[in-house]
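Participant: the sequence isn't on hand, but the structure is:
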């Protein structure tokens with residue numbers, strides 16, 4: 001089972017877009033090679049799908065983290081900051097109109 005989990009990790013790292021059919025195909029290949037039994041295959045499919053999903057989620061989190069770090073590094077204004085500035089400018093424009 002340790003080998004199966006290792007293959008699941010390798011599979012999930014290499015597959016961002018995966019389908020149940022692809023996982024089932026991989027498991028059937030493992031059955032044919034004698035790495036697992038036919039009785040173990042449904043559980044193997046579940047484990048592979050879970051591992052692939054976990055890896056995909058971890059990859060997504062890492063992408064978000066790196067993207068945020070890049071945005072912070074180049075000091076890009078956030079939408080909320082721009083909205084606040086727009087409101088301040090509108091208030092200043094209104095104050096100037098009422099003075100003149």
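Facilitator: Ah, there it is. These numbers come from a predicted model, not from an experiment. Numbers count the residues shown, from 1 in each chain.

Participant: all contacts plus neighbour counts: C-alpha atoms, from now on.
Facilitator: Will do.

Participant: all helices of this protein, in order?
Facilitator: Remark: helices assigned in the chain by DSSP state H are 2-14, 20-32, 41-74, 79-99.

Participant: now those in TSV, with mean neighbour count and mean pLDDT?
Facilitator: Putting the helices of the chain into TSV (neighbours: other C-alpha atoms under 10 Å; pLDDT from 0 to 100) gives the following:
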stretch	mean neighbour count	mean pLDDT
helix 2-14	16	60
helix 20-32	16	88
helix 41-74	15	85
helix 79-99	11	95
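
Participant: give me the distance between the residue nearest to the spatial centre of the chain and residue 37.
Facilitator: Centroid-nearest residue in the chain: residue 60, 2.1 Å away (criterion: C-alpha atoms, centre = their mean). Separation of residue 60 from residue 37 (C-alpha to C-alpha, to the nearest Å) stands at 33 Å.

Participant: likewise residue 52?
Facilitator: Going from residue 52 to residue 37 by C-alpha to C-alpha gives 21 Å.

Participant: give the contact list for residue 28.
Facilitator: Counting by C-alpha atoms under 8 Å, 6 or more residues apart in numbering, residue 28 touches residue 41.

Participant: and what of the one 10 residues further on?
Facilitator: Residues near residue 38 by C-alpha under 8 Å, 6+ apart: residue 31.
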